[in-house]
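Q: Quick one, structure for this:
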Amino acid sequence: MATLSKRMKKAKEGANPMATFPLSEAIKNVSKFPKTKFDETVELHFHLNIDLKSPEQAVRGTVALPHGVGKKVRVAVFCTGDNVQKAKDAGADHVGGADLVIKVTGGFMDFDCVVATPDMMREISKLGKVLGPRGLMPSPKAGTVTTDVVRTINEVKAGRIEFKSDKQGGIHVGIGKRSFNETQLVENATIVIDAVNHAKPVSVKGNLIKTLALSTTMGPGIKVTL
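A: Numbers count the residues shown, from 1 in each chain. A predicted model of the protein is given here:
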């Protein structure tokens, strides 16, 4: 049985597992947790009311956080022709066509988000086993397959994130850093919660979100009132 550190024990003292708090109060409680040596990510954890056996009830979408995610997002863009220079000018970290596909096939993964033009999808399909398990495969639903690479790069760099339900019916997404002030975290969290609710499949009856919890990278979870 694992032994809790002094920091985690102290954090758990302020996280009553039986209590549920309004969003603003939950974020205040998180800000009181003992700090780590790095700037932790503040995360939302959703448990959804969906049928795990029904592909139609998968929940997926994108949302732009008003205060960003608190870190530099490295973007790889798969494109050709005029889009190559456009992507570079827009601040993409890695740009290429078949050459970039070969590079990634060889193990290169120095990026956090992948954007692609439609004409590159046949080539990128070869990377399904590499990008898929990491949640990096570009898709039209996520807005990462696009003809407007400049707009998409700008949105991603500014704080646009993707969320997707997993095999357990959960969504786990970062909404900022511990160094953010409480107002910034509340506003980012509210935008994400609204976006998840808005992505509710038409076949889901009742509320989409069963439970919601807030935590930091190294901290315990706090239940949030829906």
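Q: Next secondary structure after the helix or strand containing Arg151?
A: Taking DSSP states H and E as the criterion, Arg151 maps to helix 149-158. Tracing the chain C-terminally past helix 149-158 and defining elements by DSSP H and E, one meets strand 160-164 next.
Q: What are the contacting residues of that following strand?
A: Contact with strand 160-164 is made by 58-65, 69, 135, 142-144, 171, 173-174, 192, 195-196, 199, as judged by C-beta atoms under 8 Å, 6 or more residues apart in numbering. Yep, even glycine has a C-beta here, placed from its N, CA and C like the rest.
Q: now do stretch 86-101
A: Against stretch 86-101 from outside (C-beta under 8 Å, 6+ apart): 74-80, 84, 103, 110-111, 115, 120, 123-124, 126-127, 149-150, 153-154, 157.
Q: Helices of this structure, start to end?
A: Along the chain, counting by DSSP state H, helices occupy 6-13, 23-31, 82-89, 98-105, 121-124, 128-131, 149-158, 182-198.
Q: any idea how far the third one is from the chain center?
A: By that I understand helix 82-89. 26 Å (C-alpha atoms, centre = their mean, to the nearest Å).
Q: how far off helix 149-158 does that helix point, in degrees?
A: The directions of helix 82-89 and helix 149-158 differ by 30 degrees, with axes from the mean of the first three to the mean of the last three C-alpha atoms, to 10 degrees as the criterion.
Q: List the buried residues in helix 82-89.
A: By 16 or more other C-beta atoms under 10 Å, the buried positions in helix 82-89 come out as Asn83, Val84, Lys86, Ala87.
Q: swap in the last one?
A: Of the residues in helix 182-198, Gln184, Leu185, Val186, Glu187, Asn188, Ala189, Ile191, Val192, Ile193, Ala195, Val196 count as buried by neighbour count, 16+ other C-beta under 10 Å.
Q: List just the nearest of those to Ser165.
A: Closest to Ser165 out of the buried residues of helix 182-198 is Val196 (9.1 Å), distances taken as C-beta to C-beta.
Q: so the closest one makes contact with Leu212?
A: No - counting by C-beta atoms under 8 Å, Val196 stays clear of Leu212, with 9.1 Å between them.
Q: which residues do those two both contact?
A: Phe46.
Q: in the sheet, who's paired with Thr41?
A: For Thr41, the beta-bridge partners under DSSP bridges are Lys177.
Q: quick one: contacts for it?
A: By C-beta under 8 Å, 6+ apart, the contact set of Thr41 is Gly70, Gly174, Gly176, Lys177, Arg178, Thr216, Thr217.
Q: what's the neighbour count on the first one?
A: Residues lying near Gly70 (other C-beta atoms under 10 Å) number 21.
Q: and if you look at the last one?
A: By the measure other C-beta under 10 Å, the count of residues near Thr217 is 14.
Q: Please look at it and Lys37 and confirm they touch.
A: No - checked against C-beta under 8 Å, the pair Thr217 and Lys37 is beyond contact range at 11.6 Å.
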